[in-house]
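[1] okay, here's the prediction I keep looking at, along with the sequence it came from:
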Amino acid sequence: MRLLRLHRPRLSVAVALASVCVVSVTGWAQNMPSHVKKPKSGSCTHDDSGLKLPGGFCATIFAEGIGHARHMVVSPSGVVYVNTWSGDYYDFDKTHDGGFLVALQDKTGSGKADVIERFGETVQTGGAGGVGIGMYKGSIYAEINDRIVRYSLPVDSVIPRDAPETIVSKLPLGGDHPMHPFIIGDDGSMYVDVASVTNSCQPKNRQPKVPGDNPCTELETRAGVWRYDANKTNQMFSPAERYATGIRNAEGFAFDSKGRLFVTQHGRDQLHSNWPELYKPEEEATLPAEELMLLKSGGDYGWPECYYDGVQKKLVLAPEYGGDGGKTVGVCSNKLAPAAAFPAHWAPNGMVRYHGKEFPTRYGDGVFLAFHGSWNRAPYAQGGYNVVFQPLDGDHASGNCEIFADGFAGAKKTPEGATYRPTGLAVGPGGALYVSDDIHGRIYRIVYTGDPAGPAPKGTPCPSISAPAGKLVASSAEPPESDTENLPVPEGSTADMVALGVRIYHGLVGGASCTGCHGANGTGSPLGPDLTKQKWLWSDGSFARILKVITDGVPQPRQYRNAMPPMGGAQLSDTQASALAAYVWGLSHPATK
């Protein structure tokens, strides 16, 4: 569900990444650590991660503060390469010095990177970072704006020296999902995610009761997986290389032991907020399920016409295409259903098959997935922010997923409150599992201290995808949000109206999901601006203009990637809308003494 949009002008500058000669096997070997220290069986004395893991597993903080870390790859010598990103998803915060690509090496076997080297484009040279990264035939491949480039590594260095070669260029940018994660197979086939521009192919994106384009011409150049040859340079994006279609956003890729390729899908958002007459408020949090799909040449996975209903366990017709709240299947009977499904809006980003020998053997029969965490479940509890293991039997799930690693977010599993959010996954040559975080740039290293041949521990079962949304989440905000008596009141309103506005804001009345975008405290998130400061993007800050924004919505917000539907996606009365406006006005106007 995560929507990312880097403004094209910020990404249009050409990126020049350093690269060099192809690395030989000898070159990899000389960079290998002389030893790797493994904790004694059952011991986790050096675990400083704060993660909750199954018995026998330990985690260390391999690196910290490297930038907004996205996907990773590990070389045969154990060097961890990370692509980091910047832009409006991170509110254009100050970017780290140096290149956006990072090489991390543990030369002492301590479980922590003691060599951290940056390379590639910098902010000063017009860089904005990227998401996708891979390795093939001793070369690093990396997504850079609208391109994927290749650069080789010298035998005497973990970072390149010369300019990269362009493998494919002119990949589409803009819209809700401008990133291009990818994976490279043993035969050099490079599968690239070119995700959707919109939520559900509406001509007015994310607006209530707007039918989808029919046909959805966006599918010609977006919302699918494209295939290129990693051995060839100067390929150019075109519709001809589309490998599969109907995939809204495939962030994670993984080959299984038989060479089958699985991809994840971020399911669509805003069923209730855009179609309140068809969906109950709680169904905003429970529909649709996230998906793990077996990728097939020419396969059509249903977006935007269909979504996967985890309760009914089938693809059903979307309301933008004549759907009636999940009853009608229609053309979805001809689309490809997922191999496994997960709770709604958890946002599966990274995925990897465990091919090491350190973990118990059961972990080789499945995939690990990093769930970045939800926003669209508000005002109900958010979910995800964890790493799960999904067992597979051939081309389908062999059981429900289990939560393998949790505790990344800390006390608040919300976009604005989470301390860390898992994003990328990679397996090292020694068998360690690496997890990246894109808030503070932390890299975790997870190892197993038990006997791989012994009894295999299991994680906590994932919540059922058919489980109800649960109770509304009450605000835990600090004053002034929790102390409405001290909030100022706009002229013509009352303190009682402000108090009602608090309850509406937090979803306790009216069914609005304001906290999903603006945060529980009103201090903003990657999806919506801070309401506590007098920095107005959509109005002049007056009560009348705030009320107009709430009533009309914001179809094309400045600086933020998520459109705001009228009435916050709820069916508020005039009185409720006025109360919400009074509360927002009060948040932004300091009380006078």
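    Ah, there it is.

[2] distance-wise, check F359 relative to G441.
    To G441, F359 is 25 Å away according to CB to CB, to the nearest Å. The way it works is simple: take the backbone N, C-alpha and C, and place the C-beta from them, glycine included.

[3] look at the two and report which has more neighbours.
    Taking neighbours as other CB atoms under 10 Å, F359 and G441 compare with F359 leading, 25 against 19.

[4] quick one: what helix or strand has the more buried one in it?
    Using DSSP states H and E, F359 sits in no helix or strand.

[5] excluding covalently adjacent residues, which one is nearest to A456?
    Spatial nearest neighbour of A456, excluding adjacent residues (CB to CB, 6 or more residues apart in numbering): P360 at 3.6 Å.

[6] contact partners for the one you found?
    Listed by CB atoms under 8 Å, 6 or more residues apart in numbering, the contact partners of P360 are 448, 450, 452-457.

[7] out of those residues, grab the one that's most surrounded.
    Going by other CB under 10 Å, Y448 tops the contacts of P360 with 25 neighbours.

[8] mind jotting down where the strands sit in the stretch 301-450 of the chain?
    Along the stretch 301-450 of the chain, counting by DSSP state E, counting those that start in this stretch, strands occupy 306-309, 314-317, 340-342, 348-352, 366-371, 386-393, 396-397, 402-405, 422-427, 433-437, 443-448.

[9] one step back: for the residue nearest to A456, give its distance to F389.
    11 Å.

[10] quick one: the helices in the stretch 251-400 of the chain?
    271-274, 283-286 (DSSP state H, counting those that start in this stretch).

[11] now render those helices as CSV, adding mean neighbour count.
    Below are those laid out as CSV (neighbours: other CB atoms under 10 Å):
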stretch, mean neighbour count
helix 271-274, 26
helix 283-286, 25
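
[12] and the ones you listed, which one's lowest on average pLDDT?
    In terms of average pLDDT, helix 271-274 trails the rest of the helices of the stretch 251-400 of the chain, at a mean of 91.

[13] how far off centre is that one?
    Its chain's C-alpha centre and that of helix 271-274 lie 21 Å apart, by CA atoms, centre = their mean, to the nearest Å.

[14] returning to that earlier point: farthest pair within the contacts of P360?
    Using CB to CB, the contacts of P360 span at most 13.4 Å, a distance reached by A453 and P457.

[15] next, count neighbours for the nearest residue to P566 once chain neighbours are set aside.
    Computed as CB to CB, 6+ apart, the closest residue to P566 that is not its neighbour in sequence is G553, at 3.9 Å. G553: 19 surrounding residues under other CB under 10 Å.

[16] residues near the closest residue to S539 other than its chain neighbours, how many?
    Leaving aside its sequence neighbours, S539 sits nearest to R545 (CB to CB, 6+ apart; 3.5 Å). Using other CB under 10 Å, the number of residues around R545 comes to 15.

[17] my guess is R545 meets L537, correct?
    No - R545 is beyond contact range of L537, at 11.6 Å (criterion: CB atoms under 8 Å).

[18] for F119, phi and psi?
    phi -150, psi 170 (degrees, to the nearest 10).

[19] in the sheet, who's paired with it?
    Listed by DSSP bridges, the beta-bridge partners for F119 are L101.

[20] so A582, which state does it fall into?
    helix (DSSP: H, G, I helix; E, B strand; the rest coil).

[21] what separation do you get for A344 and T108?
    Distance from A344 to T108, by CB to CB: 44 Å.

[22] correction: the previous question concerned L294.
    41 Å.

[23] higher neighbour count, these two?
    Between L294 and T108, L294 has the larger neighbour count (other CB under 10 Å), namely 20 against 14.

[24] for that one, what are its contacts?
    260-262, 336, 339, 395-396.

[25] now the buried members of these.
    Among those, those classed as buried by 16 or more other CB atoms under 10 Å are 260-262, 336, 339.

[26] is it possible to export these to CSV including distance to I247 and pLDDT?
    Putting the buried ones among the contacts of L294 into CSV (distance: CB to CB, whole Å; pLDDT from 0 to 100) gives the following:
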residue, distance to I247, pLDDT
R260, 16, 97
L261, 12, 98
F262, 12, 98
L336, 10, 98
A339, 13, 98
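
[27] is it possible to export those residues to CSV including distance to G310?
    CSV is the format used below for these (distance: CB to CB, whole Å):
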residue, distance to G310
R260, 23
L261, 23
F262, 18
L336, 16
A339, 14
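
[28] ok, so of the residues you listed, who is nearest A163?
    L261 (30.8 Å).

[29] surely that closest one meets G185?
    Yes - if you go by CB under 8 Å, L261 and G185 touch, sitting 7.3 Å apart.

[30] what's the overlap in contacts for the two?
    Shared contacts of L261 and G185, counting by CB under 8 Å, 6+ apart, come down to 191, 255.

[31] assumed G212 was part of a helix.
    No - using three-state DSSP, the secondary structure at G212 is coil, not a helix.

[32] need the pLDDT of the closest residue to it other than its chain neighbours.
    Among residues not flanking G212 along the chain, E320 sits closest, at 3.4 Å (CB to CB, 6+ apart). Here, the pLDDT recorded for E320 equals 98.

[33] counting by contacts, list what the helix or strand hosting G586 packs against.
    Following DSSP H and E, one finds G586 within helix 574-588. Packing partners of helix 574-588 (3 or more CB pairs under 8 Å, 6 or more residues apart in numbering; DSSP states H and E): helix 495-505, helix 543-552.

[34] export the ones you listed as TSV, with columns for mean pLDDT.
    Listed next are the helices and strands packed on helix 574-588 as TSV, based on pLDDT from 0 to 100:
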stretch	mean pLDDT
helix 495-505	85
helix 543-552	87
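
[35] pick the most deeply packed of those.
    Neighbour counts (mean count of other CB atoms under 10 Å) averaged over each of the helices and strands packed on helix 574-588 peak at helix 495-505, with a mean of 21.

[36] just the CA trace of that one, in CSV.
    Included here for helix 495-505 are C-alpha records, laid out as CSV according to Å, rounded to 0.1, in the frame of the first residue of the first chain:
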residue,chain,number,x,y,z
ALA,A,495,-15.0,24.2,23.1
ASP,A,496,-17.6,21.4,22.8
MET,A,497,-17.2,21.5,19.0
VAL,A,498,-13.4,21.2,19.4
ALA,A,499,-13.8,18.2,21.7
LEU,A,500,-16.1,16.6,19.1
GLY,A,501,-13.5,17.3,16.5
VAL,A,502,-10.9,15.4,18.5
ARG,A,503,-13.0,12.3,18.5
ILE,A,504,-13.8,12.6,14.7
TYR,A,505,-10.1,13.1,14.0
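
[37] show the subsequent helix or strand relative to it.
    Defined by DSSP H and E, the subsequent element after helix 495-505 is helix 514-518.

[38] same question for that next one, mean pLDDT?
    83.

[39] pLDDT score for K170?
    Reading off the model, K170 has pLDDT 96.

[40] ok, it to N249 distance?
    20 Å.

[41] what's the answer for V489, then?
    From V489 to N249 the distance is 43 Å (CB to CB).

[42] tell me, how many residues neighbour S539?
    Neighbour number of S539 under other CB under 10 Å is 17.

[43] helix or strand for it, just tell me which one.
    Using DSSP H and E, no helix or strand contains S539.

[44] mind checking pLDDT for it?
    73.

[45] distance from stretch 514-528 to the middle of the chain?
    17 Å.

[46] take it, keep the C-alpha atoms, and write them as CSV.
    Extracted C-alpha coordinates of stretch 514-528, given in CSV (Å, rounded to 0.1, in the frame of the first residue of the first chain):
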residue,chain,number,x,y,z
CYS,A,514,-7.3,11.4,9.6
THR,A,515,-4.7,9.8,11.8
GLY,A,516,-3.6,7.5,8.9
CYS,A,517,-2.1,10.4,7.1
HIS,A,518,-1.6,13.2,9.6
GLY,A,519,-0.6,11.0,12.6
ALA,A,520,-2.2,10.5,15.9
ASN,A,521,-0.8,13.8,17.3
GLY,A,522,-1.4,15.7,14.1
THR,A,523,2.3,16.1,13.6
GLY,A,524,2.2,14.6,10.1
SER,A,525,3.6,11.5,8.4
PRO,A,526,5.0,10.6,5.0
LEU,A,527,1.5,10.8,3.7
GLY,A,528,0.2,14.1,5.1
